[in-house]
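Participant: I'll drop the sequence and a predicted model, then ask my questions.
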Amino acid sequence: MSDRKKPVTEIFGYNVFNDAVMLERLPKESYKALQEVIGGRKHLDLDLANIVASAMKDWAIEKGATHFCHWFQPMTGLTAEKHDSFISPTSKGQVMMEFSGKELCQGEPDASSFPSGGLRATFEARGYTAWDCTSPVFIKEDGRNSNRQ
């Protein structure tokens, strides 16, 4: 059955790392700690970020994702995306699927996010993205590779 024929109640939130998914995939103590971070009562430390990133990576890969992106709003008034891959090559010609808490929490956008239109080199940008843990992570499908059953 195609998604167009499924009721909205079955497909709404399918690709969202929402509260129900977090509750299912995170260890109980990590889930509780993340809820405190989301509620503004605690700071997100690297240990918790690593646990959350690992659960997110596994969830996303199971759904067919190979890349992640920090979607941000640069000073241009538009939105932009900084894409990275879960795939990391090994010295033996294989690949590993990786995603760390550091990558989850902070990324560095390219220089095109500046109002100048990217006239500076990327390494001079000094702009960073930060994960807003109050906004659920989601998978954006491109329409070609839907893994929905």
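Facilitator: Everything's here; your move.
Participant: drop to CA atoms for contacts and neighbour counts, all remaining ones
Facilitator: OK.
Participant: Residue 137 against residue 18, yeah?
Facilitator: Yes: counting by Cα atoms under 8 Å, residue 18 is a contact partner of residue 137 at 7.3 Å.
Participant: and stretch 90-106, which residues are buried?
Facilitator: Across stretch 90-106, burial judged by 16 or more other Cα atoms under 10 Å covers 99-101, 103-105.
Participant: Show the end-to-end separation of that stretch, please.
Facilitator: 24 Å (Cα to Cα, to the nearest Å).
Participant: remind me which residues of this protein are low pLDDT?
Facilitator: For the chain, applying pLDDT under 70 flags the ranges 1-4, 74, 107-129, 143-149.
Participant: now do 90
Facilitator: Applying pLDDT under 90 to the chain flags the ranges 1-14, 64-149.
Participant: Contact partners for the closest residue to residue 66 other than its chain neighbours?
Facilitator: Excluding its sequence neighbours, the residue lying closest to residue 66 (Cα to Cα, 6 or more residues apart in numbering) is residue 86, at 5.6 Å. The contact partners of residue 86, by Cα atoms under 8 Å, 6 or more residues apart in numbering, come to 57, 66-68, 96-99.
Participant: same thing but at 6 Å, please
Facilitator: 66-67, 97-99 (Cα atoms under 6 Å, 6 or more residues apart in numbering).
Participant: what comes up buried for the host helix or strand of residue 48?
Facilitator: Using DSSP states H and E, residue 48 sits within helix 46-62. With burial defined by 16+ other Cα under 10 Å, the residues of helix 46-62 counted as buried are 48-60.
Participant: Quickly run through the sheet partners of whichever helix or strand residue 96 is part of, with directions.
Facilitator: Residue 96 is part of strand 95-97 when elements are defined by DSSP H and E. Taking DSSP bridges as the criterion, strand 95-97 forms sheet pairs with strand 87-89 (antiparallel).
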